[in-house]
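*Asks:* Have a look at this prediction, sequence included:
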Amino acid sequence: MKAIVQKKPVRRLILIKLRHAPGTGWAASTMTCSWPGCRLARAHCPYDLKPCPALSSSTLNMSATAPITARAAHPLDFQSEQVRQLYAGVPAGPAGGALAGIVLTTLLWERVDRPMLLTWISGLLLVLLIGGLAGLGYKRTSAENSDAGLWLRRFRLAVAAAGIAWGLSSLLIFPSHDIAYQALFSVVLAGVAAGAVTAMAMDRVSALLFTVPLLLPLIVRLFVEDTGIFSAMGAILLIFLVYISMSAFRNDRSARQNIQLRQAQSTHLLALREGAALNHKLALAVAHIEDAVMIMNVQGQIEWVNPSFVRTTGYTLEEVAGRRPGEVLRGPKTDPKAAAVIDLSRQKRERATTEILNYAKDGRTFWTTVGSDVVRDENGQVMHFISVARDITQRKATEEALRVALGSAEAANQAKSDFLSSMSHELRTPLNAILGYAQLMEMRNDLPSDIMSSAHEIRHAGDHLLALVNDVLDLARIESGDIEMQLEALAPATLLAACQSQHQHAAEARQIGLVFEPPPSGALVTADRRRLLQVLNNLISNAIKYNREQGEVRVRCERSATGIRFAVHDTGPGIPATKQAQLFQPFNRLGAEMGPIEGTGIGLVITRQLVRDMHGTMGLESGEGRGSTFWVELPAADPKPALA
């Protein structure tokens, strides 16, 4: 399909090609209007559609189907339309009937009994008056709120009453002894019947309810007279009754077909108007969105672009029409893989999305997220390709800045870890000498008590500093990923015994009961022995330090659904739920640094990371005033000889 380029802007209309699918309703396809009158004002357009200024620069021959729901202000329901047309003859119908009755009364004034004639005409006029008032009541009622079925029943009742009133004339005022007036009487009633069938063509039931009671008494009366001419007249009227009854059925069928045709035309026109309004809105939206939109033919050649494309690339429609997007927008730095994604999707007639570097007319590069899609007609045939591109140059610049910043942060973090590791090693050498001399002084018995006390303080402070250096060194190794794990099958009983002997003295010094529950028989855990002991010792040490005087620390080991669980429970003050997330922040002791209890604030951070490196999990169960339970869960090992 060749691109159509117009040098001069013209006002175009989008027309809607309608089709009806069973079960889904009306669907519409857009197409451009080639009618010359579309250049005129809206009042001259045969389709009563608005011009679309968004398409003033080109002809868009686009066929995108979309369902349209007909939402008429006054939908053409068959019964409603039937009632509307029936009542359209009111009050003209009742007035005509009254006039016919008065004429008949005048003609028969000297021929029949006057009191009977007055009684009949009075009854007829009363029935017609009631019917006329009912018709006026219908017209005053809102068509949207009226009950069509109720009004139809009222109409049929009124015409049946009128038919009976006319039929009574054959019994009450029939001129028995005057053949000429009998013929005139029959002609008047036949004319009234014929007019009623025509007026009530919309409803055969109403027509029959009027004509049968009107003519049948006259036919019977003529046959009862038992003379040749009356029998002939009765036969003629009987044939006439059959004929007008058949006419009523034909008229009813034609009226129904006419209403259905009008319904289809109304729905069709409504769909045209709604579709045109929808396309007008869509065209305005496409014209004003920030994303660049291209529409291409089946050969991939550009047919139409929106104003955002012109602003982003610098190319006008005239410059790119008939060319492929790759010929215009790609350059040396465009990723061939990203370009291949778009090209391959068009070859396979599939949807695709990718990020690609494009070039503007002035050589400037910009990043876009491109979405390519296929437009098919109602038969599934490819009609066009649509490409929507969003400028993400700013986002790409932000991502690049974040990547550089992240690299710098990682480098700084590595430098910090290297510094801490180096400093920790440098601190250990003089610290070991200080601790060694302090221990030698404590071993002597000839030193004064004040010197022995000072030596003890030196060793105690040195031990605390050594623990801090070791923790900092472990944290640096963890952050740099420089910790190696020697995972093996271990017996929990041996590990817990080692922990008990290490912490028994500290627990007794604070009068805290240290209870180790026996582990399950035959249980084995997969872990690094040195690191698991470090984890357990840290948890038990914290439970003793942060416990109350004469409290209790209970250590247990048990099997769980996923492995072996170690739990350390203390009877300390507990940790509020609002502060539990801060426990695993480095150097955060939740305010305990202001108290007498020594600590570094990084033990739990190291402990959790060591557990993770051993493929385990760590958790906490605590509440203010009810102590804390720290648990560690590690994979179970196969039952085989374990290493202690």
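*Replies:* Received it, and whenever you're ready, just let me know what you need. These numbers come from a predicted model, not from an experiment. Numbering: from 1, shown residues only.
*Asks:* residues touching the nearest residue to F230 once chain neighbours are set aside, list them.
*Replies:* Residue nearest to F230 in three dimensions, not counting chain neighbours: L222, with 4.5 Å by Cβ to Cβ, 6 or more residues apart in numbering. The way it works is simple: take the backbone N, C-alpha and C, and place the C-beta from them, glycine included. By Cβ atoms under 8 Å, 6 or more residues apart in numbering, L222 lies in contact with S186, F230, S231, M233, G234, L237.
*Asks:* Can you point out the buried residues in the helix or strand hosting L222?
*Replies:* Under the criterion of DSSP states H and E, L222 resides in helix 204-224. Residues of helix 204-224 classed as buried: 204, 206-219, 221-223 (neighbour count, 16 or more other Cβ atoms under 10 Å).
*Asks:* likewise stretch 179-194?
*Replies:* For stretch 179-194, by 16+ other Cβ under 10 Å, it's Y181, Q182, L184, F185, S186, V188, L189, A190, V192, A193.
*Asks:* So which of those sit within helices?
*Replies:* Y181, Q182, L184, F185, S186, V188, L189, A190, V192, A193 (DSSP state H).
*Asks:* contacting residues around T617?
*Replies:* V611, V632, E633.
*Asks:* part of a strand, is the last one?
*Replies:* Yes. With the criterion set as DSSP: H, G, I helix; E, B strand; the rest coil, the secondary structure at E633 is a strand.
*Asks:* Tell me if I'm right that it and A567 touch.
*Replies:* No. Counting by Cβ atoms under 8 Å, no contact exists between E633 and A567, whose distance comes to 9.2 Å.
*Asks:* circling back to that earlier point, lowest-confidence entry in the buried residues of stretch 179-194?
*Replies:* Note: of the buried residues of stretch 179-194, the lowest pLDDT belongs to Q182, at 81.
*Asks:* tell me which residues in stretch 514-525 are buried?
*Replies:* In stretch 514-525, counting by 16+ other Cβ under 10 Å, buried: L514, F516, P519, A523, L524, V525.
*Asks:* Who does T368 form a beta bridge with?
*Replies:* I356, D391 (DSSP bridges).
*Asks:* how many neighbours does it have?
*Replies:* 23 (other Cβ atoms under 10 Å).
*Asks:* And it, how far from I392?
*Replies:* Taking Cβ to Cβ, to the nearest Å as the measure, T368 falls 6 Å from I392.
*Asks:* intersection of neighbour lists for these two?
*Replies:* Here T368 and I392 have E355 as joint contacts, going by Cβ under 8 Å, 6+ apart.
*Asks:* Rounded mean pLDDT for stretch 511-526, please.
*Replies:* Mean predicted lDDT for stretch 511-526 stands at 91.
*Asks:* what does stretch 621-628 give?
*Replies:* For stretch 621-628, mean pLDDT is 85.
*Asks:* Go through that stretch and flag the buried ones.
*Replies:* Buried residues in stretch 621-628, defined by neighbour count with 16+ other Cβ under 10 Å: S622, G627, S628.
*Asks:* Return the distance of the second one relative to S176.
*Replies:* In this structure, G627 and S176 are separated by 121 Å, where distance is defined by Cβ to Cβ.
*Asks:* next one: the last one
*Replies:* Look at S628 and S176: by Cβ to Cβ, they are 120 Å apart.
*Asks:* Return the residues in contact with the closest residue to A352 other than its chain neighbours.
*Replies:* Residue nearest to A352 in three dimensions, not counting chain neighbours: S345, with 3.3 Å by Cβ to Cβ, 6+ apart. Residues near S345 by Cβ under 8 Å, 6+ apart: R351, A352, S372.
*Asks:* wait, isn't the last one in contact with A339?
*Replies:* No. With the criterion set as Cβ under 8 Å, S372 and A339 do not qualify as a contacting pair; they are 11.4 Å apart.
*Asks:* who's more crowded, the two?
*Replies:* S372 (22 against 19).
*Asks:* any idea whether the more buried one is helix, strand or coil?
*Replies:* Once three-state DSSP is applied, S372 turns out strand.
*Asks:* check contacts around it.
*Replies:* Here S372 is in contact with I342, S345, R346, R351, A352, T353, F385, I386, S387 (Cβ under 8 Å, 6+ apart).
*Asks:* Isn't the fifth one up against G371?
*Replies:* Yes. Contact status for A352 versus G371: in contact at 7.5 Å, counting by Cβ under 8 Å.
*Asks:* burial measure for the closest residue to Y315 other than its chain neighbours, as a count.
*Replies:* Counting by Cβ to Cβ, 6+ apart, K361 is the residue found nearest to Y315 once chain neighbours are left out, at 5.3 Å. K361 has 14 neighbours, counted by other Cβ under 10 Å.
*Asks:* K361 and T312 touch, don't they?
*Replies:* No. With contacts defined as Cβ under 8 Å, K361 does not count as touching T312, sitting 10.0 Å away.
*Asks:* Now do the contacts for the residue nearest to L524 when sequence neighbours are not counted.
*Replies:* Leaving aside its chain neighbours, L524 sits nearest to A637 (3.9 Å; criterion: Cβ to Cβ, 6+ apart). Contacts were defined as Cβ under 8 Å, 6+ apart; by that measure A637 touches E488, A489, L490, L524, V525, T526.
*Asks:* wait, is the residue nearest to A352 part of a strand?
*Replies:* No. Assigned with three-state DSSP, S345 falls outside any strand and is helix.
*Asks:* Strands of the stretch 51-200 of the chain, start to end?
*Replies:* Remark: strands assigned in the stretch 51-200 of the chain by DSSP state E, counting those that start in this stretch are 65-67.
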